[in-house]
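In: I need the structure of the sequence given here:
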Amino acid sequence: MTTLSLLQSLVVPVLGSIEQQLDISAGAAGWVLTANLLAAAVLTPVLGRLGDLRGERPVILGILVAVAVGTVLAIVSPSLPLLLVGRVLQGSSYGLFPLSISVLRRELPAERLSVAMSVVSSTLAVGGVAGLVATGLLSGPGSDYRRPFWIGLGVT
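Out: Below is the predicted model:
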């Protein structure tokens with residue numbers, strides 16, 4: 001859960017750097033955020049259903065591989081289209097939430113379920129804050145926008 005919120009939030013502080021370093025417009029740089037959210041909207045229900053059919057573990061591992069590949073693409077991307085492909089792959093991380101809840105519901109007794117679901121849900125906030133703080137520390141004037149993605153790769 002921390003992975004998905006961290007990857008979502010870490011690009012926000014570097015959108016200006018992406019715009020400048022890739023020599024694109026602010027609207028085009030905004031697609032770095034939008035592509036991730038559109039992929040999440042499409043992939044989350046699909047991956048949740050796939051987890052129901054194939055089991056959560058292989059789907060969770062597949063998502064983490066896709067996110068890692070997407071993050072590597074974001075790190076090495078010399079252009080906006082490749083960066084967008086990486087962000088779309090990172091958007092699959094949103095599928096982790098329903099799969100995590102499914103694992104909790106299957107594995108935990110009812111009396112422990114609400115606390116466990118609260119803990120999993122709270123990691124969304126932790127990852128979001130951690131992504132913003134880490135990006136703020138790594139990105140300064142003239143720094144490469146790719147640097148924060150290394151954190152995302154490590155967490156993934």
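In: in the chain, what secondary structure element scores lowest on mean pLDDT?
Out: helix 2-9 (a mean of 82; mean pLDDT, DSSP states H and E).
In: roughly how far is that helix from the heart of the chain?
Out: Mean C-alpha position of helix 2-9 versus that of the full chain (CA atoms, centre = their mean, to the nearest Å) differs by 4 Å.
In: Would you mind pulling up the elements that that helix packs against?
Out: helix 26-54, helix 56-76, helix 96-107, helix 110-138, helix 147-155 (3 or more CB pairs under 8 Å, 6 or more residues apart in numbering; DSSP states H and E). All C-beta spots, glycine's among them, are computed from the backbone N, C-alpha and C.
In: Show me the least confident stretch of these, going by mean pLDDT.
Out: Comparing mean pLDDT across these, the weakest is helix 110-138, with a mean of 85.
In: now that helix, how far from the chain's geometric center?
Out: Relative to the chain's own centre, helix 110-138 is displaced by 13 Å; criterion: CA atoms, centre = their mean.
In: Can you give me the buried ones in that helix?
Out: A116, V120, T123, L124, G127, G128, A130, G131, L132, A134, T135, L138 (16 or more other CB atoms under 10 Å).
In: show me what contacts the third one?
Out: So the one you mean is T123. Going by CB atoms under 8 Å, 6 or more residues apart in numbering, T123 touches M1, T2, S5.
In: Spatially, what comes nearest to the last one if we skip its sequence neighbours?
Out: Counting by CB to CB, 6 or more residues apart in numbering, G127 is the residue found nearest to S5 once chain neighbours are left out, at 3.3 Å.
In: can you check the first one too?
Out: Take M1 and drop its neighbours on the chain: the residue closest to it by CB to CB, 6+ apart is T123, 4.1 Å away.
In: related to what we said a few turns ago, what is the orientation angle of the least confident helix or strand of the chain with helix 56-76?
Out: In terms of direction (axes from the mean of the first three to the mean of the last three CA atoms, to 10 degrees), helix 2-9 departs from helix 56-76 by 30 degrees.
In: what sits up against helix 2-9?
Out: With CB under 8 Å, 6+ apart as the criterion, helix 2-9 contacts 36-37, 64, 67, 71, 90, 93-94, 96-97, 123-132, 134-135, 151-152, 155-156.
In: picking that back up, ok, the residue nearest to S5 to L82 distance?
Out: Distance, G127 to L82, using CB to CB, to the nearest Å: 24 Å.
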